[in-house]
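Undergrad: requesting a structural model of the entry that follows:
(one chain, ligands or ions: 1)
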Amino acid sequence: MKKSSISIIIFTSLILFSVPIFMYVGCFKGFQVKEFREMVEVIYNEPFNYDAGNICYDSFLKCHEVSINHKGKVDTSKIGEYYVYYTYKYKNEILTKKQIVKVKEDEAPIINVEGNNFTICPNQTKTNFKVTAYDNYDKDLTNEVEQYIFGNKVYFKVSDYSGNTRVINRDLNIVDNAPILSLNGSDKIYLKVGEEYQELGAQAFDDCDTDIGSKIEIIGSVDTNKVGEYEIIYKVQDSSYNMQSIRRKVYVYSPNDTTLATGKIIYLTFDDGPSAYTSRLLDILKKYNVKATFFVTNPKGYDNVILRAYKEGHTIGLHTYTHDYKQIYQNIDAYFTDLYAIQEKVKQITGYTSTIIRFPGGSSNTISRKYDGGIKIMSKLSKEVEAKGFKYFDWNISSGDAGLTTNSEEVFTNIIDNLGNKDFYVVLQHDTKDYSVSAVEEVIKYGLAKGYTFMPLSMNSPVVHHHIAN
Ligand code: ZN
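TA: Coordinates of the predicted model:
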């Protein structure tokens, strides 16, 4: 063999053998770790597994001879950054690697909105709904909740400290109701001519506007020197242009013109008295210089009241002595006996012979059928009384005070609601009813302010007669 051939063999052998020798030496002279992750993320509360990467990819390395230790603890119940150090030992070689472990949580907080009525005002930028927020890690985040209104929705947004965000929304019902207005004082005010009108104003409430009271507009005025009916209008508009208004009527009246009949006359008539309430009634009538008619019976102890009524210009009419249907309606004679008894009694007290009468129950009463023995007594009596020079008066407004009505306000309403365009009204009340007497002052004030004249009945007064049914 030539010298050069030997050289080639040696050279070739060197090349052939040197590669594994280099590789072998290279692996444990500064060996490497593959697939090592320098940064690892772990979810909060989930287990963390140490991972030293891959040292066994190299077949020349005897994996089992490499010892791997790690240092550093990872507490996954606390979010944050942890460091773990891996130490690899192979024969005399030592390698250390650092791994950053990030414990994080990725659950967004939960928002809870109480209630289901999401009504707000149009100008509202925040809702008052009770909102709470709870996070699995940061716990209570209620104070972090932001809200904003956009269109017909309200959005609630909250982020936890890890940056997980939750947004929820609710549909809104945007409503602004019309303001509510109420008057200070009564909706009807009666003033004597010349008396001062004091504007008491009104109060307003609005569900959306807080200063609505200052926006009340008062329209109208009262001329207290002129008898008449005046109207004051209180108007208010909220910021959604909802308009509301209420009215007050002011009646300016003159209590001293009862003798000047204007064509509209009210005859106040009181049956069945006198009673313990009649004196008070006379005081009221006096105050307004109003004259009325009393269809009296014979209660004991009130002779002086009858006298006072007569002296003060009221008409004393006759309603029978006993007011006992069974007695007075048994026959014609019995009726007249009773009627003359009360006529005589009134004459004794006042000196005046009254021929103005009212039948108990009115001329239309049918109760008399029970007692008259089939003689159609009302038909006969109505003719007989006139033949004997009496005049009988029924009524065209009943106050209802002998029926279902048992309070002053209803008595008042029953009377004034029935006042219309007739030339005269004969009003039936009973001065034996406290609540009925209490309604009289308002009736008078109302009537005077409306231009009615109050008159006592006389033999010349127009009559109201009911249909006779017996
Ligand atoms: Zn009666």
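Undergrad: wait, Tyr435 touches Val411, no?
TA: Yes. Tyr435 is within contact range of Val411, at 6.4 Å (criterion: C-beta atoms under 8 Å). (Each C-beta comes from the backbone N, C-alpha and C, glycine too.)
Undergrad: in terms of neighbours, single out the busier of these two.
TA: Between Tyr435 and Val411, counting by other C-beta atoms under 10 Å, Val411 is the more crowded of the two (25 against 17).
Undergrad: hang on, the earlier thing: now do the shared contacts for Tyr435 and Val411.
TA: Asp401 (C-beta atoms under 8 Å, 6 or more residues apart in numbering).
Undergrad: show me the shaky parts of the stretch 201-350 of the chain.
TA: 255-263 (pLDDT under 70).
Undergrad: so which bits of it are right by the ion?
TA: 271-272 (C-beta under 5 Å from the ion).
Undergrad: where along the stretch 201-350 of the chain do the helices fall?
TA: Per DSSP state H, counting those that start in this stretch, the stretch 201-350 of the chain carries helices over the ranges 278-287, 303-311, 325-328, 332-350.
Undergrad: now distance to Gly362 and mean neighbour count too, for those, in CSV please.
TA: CSV is the format used below for these (distance: least, C-beta to C-beta, whole Å; neighbours: other C-beta atoms under 10 Å):
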stretch, distance to Gly362, mean neighbour count
helix 278-287, 21, 18
helix 303-311, 22, 18
helix 325-328, 12, 17
helix 332-350, 14, 17
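Undergrad: ok, and the closest non-adjacent residue to Met243?
TA: What sits nearest to Met243 in space, not counting adjacent residues and going by C-beta to C-beta, 6 or more residues apart in numbering, is Gln237, at 5.0 Å.
Undergrad: and Val385, what helix or strand is that in?
TA: helix 377-387 (DSSP states H and E).
Undergrad: for that helix, output the C-alpha coordinates as CSV.
TA: Provided in CSV are the C-alpha atoms of helix 377-387 (Å, rounded to 0.1, in the frame of the first residue of the first chain):
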residue,chain,number,x,y,z
ILE,A,377,-157.1,62.0,49.2
MET,A,378,-154.3,63.9,47.6
SER,A,379,-156.3,64.7,44.5
LYS,A,380,-159.1,65.9,46.8
LEU,A,381,-156.9,67.8,49.3
SER,A,382,-155.0,69.7,46.6
LYS,A,383,-158.3,71.1,45.4
GLU,A,384,-159.8,71.6,48.8
VAL,A,385,-156.8,73.5,50.2
GLU,A,386,-157.0,76.0,47.3
ALA,A,387,-160.7,76.3,47.7
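Undergrad: which residues sit against it?
TA: 329, 331-332, 335-336, 339, 357, 359, 363-365, 368, 391-392, 465, 468-470.
Undergrad: now the buried members of those residues.
TA: 329, 335-336, 339, 357, 359, 363, 365, 368, 391-392, 468, 470 (16 or more other C-beta atoms under 10 Å).
Undergrad: so what's the residue lying closest to Thr322 once chain neighbours are set aside up against?
TA: Nearest in space to Thr322, with sequence neighbours left out and distances taken as C-beta to C-beta, 6+ apart, is Asp338 at 5.7 Å. Contacts for Asp338 were tallied using C-beta under 8 Å, 6+ apart; they are 320-322, 327-328.
Undergrad: against Asn470, how distant is Asp338?
TA: Relative to Asn470, Asp338 is positioned 17 Å away (C-beta to C-beta, to the nearest Å).
Undergrad: can I get the helices of the stretch 201-350 of the chain in TSV with distance to Asp171?
TA: Output for the helices of the stretch 201-350 of the chain, formatted as TSV (distance: least, C-beta to C-beta, whole Å):
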stretch	distance to Asp171
helix 278-287	61
helix 303-311	72
helix 325-328	71
helix 332-350	78
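Undergrad: what's the closest of these to Ser245?
TA: helix 278-287 (33.9 Å; C-beta to C-beta).
Undergrad: quick one: the closest one to helix 303-311, angle?
TA: 20 degrees (axes from the mean of the first three to the mean of the last three C-alpha atoms, to 10 degrees).
Undergrad: show me what helix 278-287 is packed up against.
TA: strand 265-271, helix 303-311, helix 434-449 (3 or more C-beta pairs under 8 Å, 6 or more residues apart in numbering; DSSP states H and E).
Undergrad: burial measure for whichever residue of the stretch 301-450 of the chain sits closest to the ion, as a count.
TA: Closest contact between the stretch 301-450 of the chain and the ion, by C-beta to the ion, is at Pro360 (4.6 Å). Per other C-beta under 10 Å, the neighbour tally for Pro360 reads 21.
Undergrad: now swap in Asp135 and tell me
TA: Asp135: 21 neighbours (other C-beta under 10 Å).
Undergrad: and the spatially closest residue to it that is not a sequence neighbour, backbone torsions?
TA: Closest residue to Asp135 apart from its sequence neighbours, by C-beta to C-beta, 6+ apart: Pro109 at 3.8 Å. Backbone geometry at Pro109, expressed as degrees, to the nearest 10, gives phi -60, psi 160.
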